[in-house]
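Participant: My questions concern the predicted model and sequence given below.
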Amino acid sequence: MEPKQKLIVAAVGGICAVIILALAGLLVAQIGKMNTARTERNDAESNLTDYYNSKPYPSETNREIREADAKAYTATADAARGLFAHGLKVPQGETPSQFVTRIGESIRTLNARQAEGRRILAGISGSKSTAEEAPLDYAFGRYVVQGEMPAAAQVPRLAAQFSAIEHVCAILLDKGANAITGVERIPFDSAAAAAEEEPRSSRRSRRSRREETAKPAAMSAEMDPVLSEDGVTRESYTITFRARYTTLASVLNALTVDPLFVVVTDLSLTRPSSLRDRVAEMVKKRQSVKAAALRRAANSRSEEEREAAQAAADKPLFAGASPAERLVTDPANSVPLEVILKFDVYSVPPVEPAAEPDAEKEGK
């Protein structure tokens with residue numbers, strides 16, 4: 001073979017070898033990609049198999065549990081709403097004049113019941129002030145004292161407010177409160193009347209208008225939107241009265257079991273007499289008794305009387321004193337406390353019964 005042919009054969013062989021090596025490399029790379037694709041396919045198949053073999057959610061058991069929970073929650077919510085529904089019987093369809101006449105009679109009855117409590121309190125304190133004898137208007141003075149007539153649209157809410165005040169005041173008097181000295185409610189009717197008179201009264205300052213507007217808002221804080229959406233309403237009240245501790249405890253216990261949904265928001269107690277002054281008075285009285293015993297011992301001529309008086313003087317200050325002379329506080333017989341009771345009354349409008357279907361329409 002000629003040298004030129006040898007060179008050609010060698011060049012062609014080299015080129016073929018390079019091509020074969022390149023193809024072998026491509027084959028190895030494709031084999032690796034194929035193995036990776038096979039692995040991914042097997043993993044996806046395994047996942048799909050697991051998905052198809054797993055139980056579906058929610059299953060029938062899950063649905064039954066969720067439906068039972070929903071029924072229990074609904075029953076609980078209905079029961080809670082039923083607690084708000086135990087309201088007071090408020091006369092419906094009253095005219096403004098009928099409303100004013102009715103509450104005037106009820107207020108006179110409540111004031112008559114307080115007369116005995118005021119006499120007892122006057123006997124304990126030994127004083128009788130004009131303010132205590134003045135009849136209480138129970139936050140409805142503009143109607144029963146000033147002779148105004150409420151707007152017809154305001155009568156239902158005013159009637160509900162007065163029923164709650166009358167109910168709680170009756171509980172106080174039944175439990176033995178000595179006197180009810182003040183009642184406050186949400187004066188929504190005062191705010192409405194002030195808004196109507198504002199164009200005619202240009203002398204009123206902005207500051208006074210802000211104070212009158214802020215007073216109802218201060219007594220009635222914002223209510224939970226969940227309760228508002230369910231039709232629940234709340235009225236806030238403040239009652240100031242005088243009563244012993246045992247009476248106050250009985251009143252609070254009565255409010256906890258009362259069908260009316262009452263929530264006590266604040267309770268303030270003030271004692272008219274100081275315990276420190278009472279203790280000082282008791283100590284002074286016992287010291288005077290001991291000093292008298294010492295004087296008898298010094299002035300006695302009989303040896304036996306002198307020894308007996310000296311023995312009595314040597315005893316501790318409160319030795320032999322009766323329980324009433326040693327007791328600093330006596331809840332059952334102590335001087336009545338000055339009590340400020342703030343509470344909210346929750347209620348819902350009564351549910352109207354569903355109208356019965358017409359028998360004639362059903363027949364047709």
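Facilitator: Noted; the coordinates are in hand. In this text the structure is predicted, and so the values were computed from the model without any measurement. Numbers count the residues shown, from 1 in each chain.

Participant: Correct me if wrong: residue 252 contacts residue 264.
Facilitator: Yes - using Cβ atoms under 8 Å, residue 252 is in contact with residue 264, at 7.0 Å. Using the backbone N, CA and C atoms, a C-beta is placed for each residue, glycine as well.

Participant: Can you check which residues contact both of those two?
Facilitator: Common neighbours of residue 252 and residue 264 are not found (criterion: Cβ atoms under 8 Å, 6 or more residues apart in numbering).

Participant: Could you tell me how far the lengthiest helix in the chain lies from the centre of the chain?
Facilitator: Assignment by DSSP state H gives helix 3-53 as the longest helix of the chain. Distance, stretch centre to chain centre, for helix 3-53: 80 Å (Cα atoms, centre = their mean, to the nearest Å).

Participant: again with stretch 150-168
Facilitator: Relative to its parent chain, stretch 150-168 has a centroid offset of 21 Å by Cα atoms, centre = their mean.

Participant: buried ones in it?
Facilitator: 150, 155-168 (16 or more other Cβ atoms under 10 Å).

Participant: Who are the contact partners of residue 242?
Facilitator: By Cβ under 8 Å, 6+ apart, residue 242 lies in contact with 117, 121, 177-179, 181, 336-339.

Participant: got JSON lines for those residues, with distance to residue 346 too?
Facilitator: Formatted as JSON lines, those follow (distance: Cβ to Cβ, whole Å):
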{"residue": "117", "distance to residue 346": "29"}
{"residue": "121", "distance to residue 346": "33"}
{"residue": "177", "distance to residue 346": "24"}
{"residue": "178", "distance to residue 346": "29"}
{"residue": "179", "distance to residue 346": "28"}
{"residue": "181", "distance to residue 346": "26"}
{"residue": "336", "distance to residue 346": "30"}
{"residue": "337", "distance to residue 346": "27"}
{"residue": "338", "distance to residue 346": "27"}
{"residue": "339", "distance to residue 346": "22"}
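
Participant: Residue 259 - that's part of a helix, no?
Facilitator: No - Residue 259: not assigned to a helix; according to DSSP: H, G, I helix; E, B strand; the rest coil it is coil.

Participant: pLDDT score assigned to it?
Facilitator: Looking at residue 259, its pLDDT reads 88.

Participant: right, and it touches residue 86 too?
Facilitator: Yes - counting by Cβ under 8 Å, residue 259 touches residue 86, with 3.9 Å between them.

Participant: just to revisit the earlier point, inside strands: which ones of the contacts of residue 242?
Facilitator: Counted as lying in strands by DSSP state E, out of the contacts of residue 242, are 179, 181, 337-339.

Participant: quick one: which of the residues you listed is nearest to residue 244?
Facilitator: residue 337 (6.8 Å; Cβ to Cβ).

Participant: for the closest residue to that closest one other than its chain neighbours, helix, strand, or coil?
Facilitator: Leaving aside its chain neighbours, residue 337 sits nearest to residue 269 (5.2 Å; criterion: Cβ to Cβ, 6 or more residues apart in numbering). Under three-state DSSP, the three-state class of residue 269 is strand.

Participant: and residue 269, how far is that from residue 250?
Facilitator: Going from residue 269 to residue 250 by Cβ to Cβ, to the nearest Å gives 15 Å.

Participant: Could you confirm residue 92 falls within a strand?
Facilitator: No - according to three-state DSSP, the state of residue 92 is coil, so it is not within a strand.

Participant: Provide a list of residues in contact with it.
Facilitator: Residue 92 makes contact with residue 156 under the criterion Cβ under 8 Å, 6+ apart.

Participant: Confirm that residue 238 sits in a strand.
Facilitator: Yes - under three-state DSSP, residue 238 sits within a strand.

Participant: Return the distance of it relative to residue 341.
Facilitator: Counting by Cβ to Cβ - residue 238 and residue 341 are separated by 7 Å.

Participant: Between these two, which is the more surrounded one?
Facilitator: Just comparing residue 238 and residue 341: by other Cβ atoms under 10 Å the higher neighbour count belongs to residue 341, 22 against 17.

Participant: Sticking with the more buried one, tell me its helix or strand.
Facilitator: Element membership for residue 341 (DSSP states H and E) is strand 337-347.

Participant: again with residue 171
Facilitator: In this structure, residue 171 sits in helix 155-174 according to DSSP H and E.

Participant: list the helices and strands that helix packs on?
Facilitator: Contact partners of helix 155-174 among helices and strands, from 3 or more Cβ pairs under 8 Å, 6 or more residues apart in numbering; DSSP states H and E: helix 96-125, strand 179-184, strand 233-243, helix 245-257, strand 337-347.

Participant: between the strand holding residue 341 and helix 155-174, how big is the angle?
Facilitator: Between strand 337-347 and helix 155-174, the angle comes out at 140 degrees (axes from the mean of the first three to the mean of the last three Cα atoms, to 10 degrees).

Participant: List the neighbouring strands of strand 337-347 plus their orientation.
Facilitator: Applying DSSP bridges to the sheet, strand 337-347 is found paired with strand 233-243 (antiparallel), strand 261-270 (antiparallel).
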